[in-house]
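1. Predicted model and sequence follow; I will ask about them next.
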Amino acid sequence: MPSYAGLRRAYQRSSFPTLFRPVGRAVDLWMNADGLRMSAAMSFYGILSLAPLLVLLVAVLGWWLDRSYIESSLIREIGGVIGEQGAQMIKQALASAQEPSEGLLASGIAFVLLLSGATGVFAELQDAFERLWRQDTGVPPQQKWWYGASLRVRGIAYILAFGFLLLVSLVISAVLSFLTTWAGSYMPLERVAVVINELVSMAFSAGLFVALMRMSAGPKPAMRYLVMGGIAGGILFALGKYLMAIYLSTAAVVSAYGAAGSLVVLLMWIYFSSAVLLLSASVARALSDEAALRKAGPAPA
């Protein structure tokens with residue numbers, strides 16, 4: 001890990017309680033890495049990558065489950081988070097992206113474009129992570145052309161990891177749906193099932209955040225700090241999605257933007273998710289820095 005001379009001096013001058021110091025450091029890292037701007041960039045790339053990414057996810061999960069079931073479950077799960085308008089837009093994008101191409105050459109070109117589009121958002125995500133990991137470390141950024149190509153290859157690993165987590169989530173959701181139906185006549189059990197469903201959703205978000213951070217390159221924090229950052233991100237996402245739902249239901253976003261309302265809703269959700277993900281990475285980095293400062297002891301006079 002890098003030299004923490006500057007951080008150690010700030011540590012000694014800090015008047016914040018120990019509990020809140022990493023929080024302030026995380027927000028500072030997030031702002032210095034242009035968290036808002038990077039989230040906006042990822043929302044743009046996310047919209048462009050959404051349809052090919054969903055097609056590849058359906059193809060990966062199709063090895064184990066029926067594709068029509070995967071598509072309907074995927075759209076239903078997404079609709080439960082972002083609302084009916086966004087889910088309908090995703091359904092249309094998925095149907096359009098799956099239209100067959102005529103001829104072997106056209107199919108090959110379509111597959112290459114599909115793979116490139118699906119990995120585009122992950123390449124941008126990797127760049128955002130590296131901004132956080134390299135900040136105040138003195139580690140130079142990678143500029144070689146092959147490194148940019150490796151980000152695309154790394155995006156395939158992101159897709160496979162996301163597909164695995166999604167498969168686990170679908171299985172758990174199916175089990176919980178069965179238990180909720182079975183416990184319909186027992187109100188206490190039904191409420192317990194609802195709470196478990198929320199906890200599973202939070203755990204899925206945290207696991208996804210940890211996996212995305214763990215597969216990133218650069219001087220990233222140790223695994224235990226990534227897990228703590230992922231848990232913080234999962235909690236923030238669980239709380240934030242309810243606030244987003246309230247805002248979107250009261251702000252009349254869909255009616256204000258007319259036909260483009262669904263696109264705006266989807267952009268806002270990707271922007272929000274990206275901001276939370278980068279903030280969870282900042283928390284992981286801040287906790288790692290705090291541990292390093294404690295281990296180093298007081299700064300020399």
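-> Arrived safely.
2. Hmm, Arg285 and Leu132 touching each other?
-> Yes. Using CB atoms under 8 Å, Leu132 is in contact with Arg285, at 5.7 Å. Every residue, glycine included, has its C-beta placed from N, CA and C.
3. the more surrounded of those two?
-> Remark: of Leu132 and Arg285, Arg285 carries more neighbours, 29 against 26, as counted by other CB atoms under 10 Å.
4. Flag every buried residue along the host helix or strand of the more buried one.
-> Using DSSP states H and E, Arg285 falls within helix 261-296. Residues 261-262, 264-293 are the ones in helix 261-296 that count as buried (16 or more other CB atoms under 10 Å).
5. same thing with stretch 206-219?
-> The neighbour-count check on stretch 206-219 (16+ other CB under 10 Å) flags Ala206, Gly207, Leu208, Phe209, Val210, Ala211, Leu212, Met213, Met215, Ser216, Gly218 as buried.
6. Switch those residues over to CSV; also include distance to Val23 and pLDDT.
-> Below are the buried residues of stretch 206-219 laid out as CSV (distance: CB to CB, whole Å; pLDDT from 0 to 100):
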residue, distance to Val23, pLDDT
Ala206, 18, 88
Gly207, 23, 86
Leu208, 22, 83
Phe209, 17, 88
Val210, 19, 89
Ala211, 24, 84
Leu212, 21, 84
Met213, 18, 87
Met215, 26, 78
Ser216, 22, 78
Gly218, 23, 74
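7. that older thread, list residues touching both of Leu132 and Arg285?
-> Residues touching both Leu132 and Arg285 by CB atoms under 8 Å, 6 or more residues apart in numbering: Leu29.
8. Now for Ser282: which residues touch it?
-> Ala26, Val27, Leu29, Trp30, Ala33, Gly35, Leu132, Gly229.
9. how close does it get to Val58?
-> From Ser282 across to Val58, the span is 33 Å (CB to CB, to the nearest Å).
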